[in-house]
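In: below: sequence and its predicted model.
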Amino acid sequence: MKINIIGAGVAGLSAGCYLQMNGFETEIFEKHSHPGGLCTSWKRGEYTFDGGIHWILGSNPSNPFYLLWSELIDMPSIEFLNHDVRMDLEVKDNPDRYGNKVFHLYTNLDRLSSYLMDLAPEDSAVIKKLIRSMRKIQGYEIPPMIRSVPGLLPFWQKIKFVKHLPLLFFMMRWKKETNLTIARKLKNPFLREVFQLLFDGDEVPLLVITLPLAFNDKLGVGYPVGGSLNFARKIEERYFGLGGKIRYNSAVDEIVTENGRATGVVLSDGTKFPSAITISAADWHYTLFTALKGKYTNKTILALKERRNLEVYYSIFLLSLGVSRSFSDFPHMMNFPAARELVSPDGTRYSRIEVHCYNYDPTLAPKGKCVVAVKFYSKNGDYWIGLRSSDPEEYKRQKTAFAEEIIGNLEEKFSGIRDAIEETDIATPATYHRYTNNWQGSTQGWLPGKNIIAPSPVDNVIPGLQDFYLAGQWTLPGGGLPVAIKTARTVAQMICHKYHKPFVVSK
Ligand SMILES: Cc1cc2nc3c(=O)[nH]c(=O)nc-3n(C[C@H](O)[C@H](O)[C@H](O)COP(=O)(O)OP(=O)(O)OC[C@H]3O[C@@H](n4cnc5c(N)ncnc54)[C@H](O)[C@@H]3O)c2cc1C
């Protein structure tokens with residue numbers, strides 16, 4: 001039975017692997033010339049610039065996602081790096097009691113605990129509670145029952161979920177807490193400012209930071225040496241090994257439907273490829289409103305389109321520099337006040353800068369040199385996408401002028417960086433949109449709502465259309481690689497269930 005899959009991102013490749021393992025014949029259609037989608041990197045001269053992941057959940061067996069990655073990849077063949085400090089955050093106003101303005105977010109919980117207690121003994125009750133909560137997280141299986149799809153389980157197996165009730169109660173207890181509610185509880189001015197600035201002044205559920213930190217402590221959220229594309233290539237390799245086919249440079253323009261069934265895809269050159277089942281592991285908006293022409297919607301889908309249920313995850317303006325210095329004494333990730341406020345052409349104002357120094361990955365730059373990347377989040381990706389399409393010259397001028405301003409600002413912290421620049425690359429939301437089709441240049445699909453334990457309003461099937469499935473970052477708010485592989489596996493399990501085949505995973 002033939003299955004067409006749209007997109008060779010991590011979700012499309014993973015869906016292909018699982019379906020090949022289960023005896024289906026699959027073919028992936030990818031508009032770009034490479035696999036990976038958002039999980040990507042590219043070469044500029046001697047340098048490799050990474051436009052994707054910083055860490056992968058499940059990089060060692062302490063996290064259940066390791067089991068899933070191991071189904072597709074020989075995980076021990078990848079070197080994962082775990083940083084001692086997740087980020088160095090410089091405050092603007094309140095130094096710590098030693099006169100320092102830089103906060104180190106340690107990834108080892110014992111170290112983090114003693115560091116916080118030393119800095120703010122007056123806040124010991126709050127600190128102990130936070131550390132205790134992260135220790136508790138480590139005791140739970142997260143996500144619960146990762147290899148099952150609840151909807152497909154018989155009743156007697158669903159009962160097993162009861163053992164995860166303590167996790168549910170824990171999440172309910174913590175779901176209302178944010179970085180700002182914690183900040184308000186802190187007496188120490190330095191620590192209070194740190195919590196206020198954790199997300200550049202935004203209010204974000206605390207679990208967004210405590211969950212990864214709990215896994216960091218167990219070394220389960222590592223960076224894959226070699227970068228994002230290297231990681232995606234490992235899944236591509238497995239897919240080919242399982243007999244899968246990929247058509248690169250093959251954009252799907254239309255999903256063919258007949259009598260309420262998806263029956264194939266049509267490429268931009270007009271070629272039609274029939275199939276019994278179609279999976280879109282590509283952008284949600286493009287799939288529903290361009291490839292399917294908006295014919296299959298309901299109230300929930302239309303509310304999502306108008307962004308009434310969920311917000312689209314930020315896009316980014318990413319400036320990558322290949323520099324002839326190692327900056328080996330600089331932390332790998334810094335967030336600090338900008339010397340001068342930066343105003344992006346898209347209207348977003350930035351008073352802080354986030355810099356990533358890839359001095360820890362020797363595969364990305366020659367010895368003694370390094371890649372330095374500056375990332376600015378934007379909720380106005382459409383500005384860049386529109387400008388690039390209406391006036392490419394002006395787009396180029398604006399992105400270059402903004403990059404120049406950023407470099408000027410960087411000089412204050414990285415003295416002499418301008419003279420050390422050998423390669424420059426500017427990726428805007430329009431770049432992400434152009435290469436991956438993601439709506440508004442989104443980097444992770446939907447932003448999780450304020451209530452991060454609320455059920456997702458997005459589904460793997462759509463109303464009124466048979467033999468069609470959605471997988472990937474747009475099907476579970478928060479996105480990321482874990483969502484890509486898990487939703488792909490879920491869709492493969494749903495298809496096996498439909499055809500009364502036991503779902504198997506082969507080595
Ligand atoms: C800067 C950055 C940092 C990130 N950091 C992390 C991190 O540290 N950890 C983490 O877990 N996640 C991170 N993410 C998010 C993660 O990379 C994504 O959530 C994940 O890769 C999404 O995978 P996907 O397969 O669902 O979608 P995508 O990667 O978007 O793949 C979709 C694929 O479909 C193709 N496609 C689209 N339309 C068509 C069409 N019409 N025809 C044919 N092909 C089409 C696209 O070209 C693309 O290859 C980051 C993302 C970015 C951009």
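Out: Happy to help now that I have it.
In: which parts of the lowest-mean-pLDDT helix or strand in the chain are buried?
Out: Lowest on mean pLDDT, DSSP states H and E among the helices and strands of the chain sits helix 155-158, with a mean of 80. Of the residues in helix 155-158, none count as buried by neighbour count, 16 or more other C-beta atoms under 10 Å. From N, CA and C alone the C-beta is placed, and that goes for glycine too.
In: kindly export stretch 158-170 (C-alpha atoms) in PDB.
Out: Provided in PDB are the C-alpha atoms of stretch 158-170 (Å, rounded to 0.1, in the frame of the first residue of the first chain):
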ATOM      1  CA  LYS A 158      -6.100   2.800  29.700                       C
ATOM      2  CA  ILE A 159      -6.400   2.000  33.400                       C
ATOM      3  CA  LYS A 160      -2.600   1.900  33.500                       C
ATOM      4  CA  PHE A 161      -2.800   5.700  33.200                       C
ATOM      5  CA  VAL A 162      -3.900   5.800  36.800                       C
ATOM      6  CA  LYS A 163      -0.300   5.400  37.900                       C
ATOM      7  CA  HIS A 164       0.400   8.800  36.300                       C
ATOM      8  CA  LEU A 165      -2.200  10.700  38.300                       C
ATOM      9  CA  PRO A 166       0.500  12.000  40.800                       C
ATOM     10  CA  LEU A 167       2.100  13.700  37.700                       C
ATOM     11  CA  LEU A 168      -1.200  15.200  36.700                       C
ATOM     12  CA  PHE A 169      -1.700  16.600  40.300                       C
ATOM     13  CA  PHE A 170       1.900  18.000  40.300                       C
END
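In: hmm, back to that, what does the helix or strand following the least confident helix or strand of the chain contact?
Out: On the C-terminal side of helix 155-158, the closest following helix or strand by DSSP states H and E is helix 165-174. Residues from elsewhere that reach helix 165-174 (C-beta atoms under 8 Å, 6 or more residues apart in numbering): Ser133, Lys136, Ile137, Tyr140, Glu141, Ile142, Pro144, Leu206, Leu207, Thr210, Ile452, Ile453.
In: domain assignment for the protein?
Out: Domain ranges of the chain: 2-40+227-310+455-498, 83-218, 315-441, per automatic domain parsing.
In: is any residue of the last one near the ligand?
Out: Yes. Figure legend: domain 315-441 in contact with the ligand (C-beta under 6 Å from any ligand atom); contacting residues Ile316, Thr436, Asn437, Asn438.
In: contacting residues for Ile279?
Out: Here Ile279 is in contact with Ile3, Asn4, Ile5, Ile6, Gly12, Ala15, Phe468, Tyr469, Leu470, Ala471, Val491 (criterion: C-beta under 8 Å, 6+ apart).
In: could you rerun that using 6 Å?
Out: Listed by C-beta atoms under 6 Å, 6 or more residues apart in numbering, the contact set of Ile279 reads Ile5, Ala15, Tyr469, Ala471, Val491.
In: ok, now how distant is it from the ligand?
Out: 11 Å (C-beta to the nearest ligand atom, to the nearest Å).
In: please apply the same query to Glu193.
Out: Counting by C-beta to the nearest ligand atom, the gap from Glu193 to the ligand is 25 Å.
In: and that residue, what helix or strand is that in?
Out: Applying DSSP H and E as the criterion places Glu193 in helix 189-197.
In: next SSE after that helix?
Out: Later in the chain than helix 189-197, the nearest helix or strand by DSSP H and E is helix 207-217.
In: any buried residues in that following helix, and which?
Out: Leu207, Ile209, Thr210, Leu211, Pro212, Leu213, Ala214, Phe215, Asn216, Asp217.
In: again, but for stretch 297-304
Out: Residues Thr297, Ile301, Leu304 are the ones in stretch 297-304 that count as buried (16+ other C-beta under 10 Å).
In: list the contacts of that stretch.
Out: Asn309, Pro457, Pro463.
In: got the contact list for the second one?
Out: Right, the one you point to is Pro457. Thr300, Asn309.
In: go again with 10 Å.
Out: By C-beta atoms under 10 Å, 6 or more residues apart in numbering, Pro457 lies in contact with Thr300, Ile301, Ala303, Leu304, Arg308, Asn309, Leu310, Trp446, Gly449, Pro477.
In: which members of the residues you listed occur in helices, if any?
Out: Counting by DSSP state H, these place Thr300, Ile301, Ala303, Leu304 in helices.
In: one step back: what's the closest of the contacts of stretch 297-304 to Trp156?
Out: Of all these, Trp156 sits closest to Pro457, with 29.0 Å by C-beta to C-beta.
In: what are the phi and psi values for that closest one?
Out: Note on Pro457: backbone dihedrals following degrees, to the nearest 10 are phi -80, psi 0.
In: which bits of the protein sit near the ligand?
Out: So far as C-beta under 6 Å from any ligand atom goes, the chain lies against the ligand at 6-12, 29-32, 37-39, 51-56, 251-252, 281-283, 286, 316, 436-438, 443-444, 472-473, 479-482, 484.
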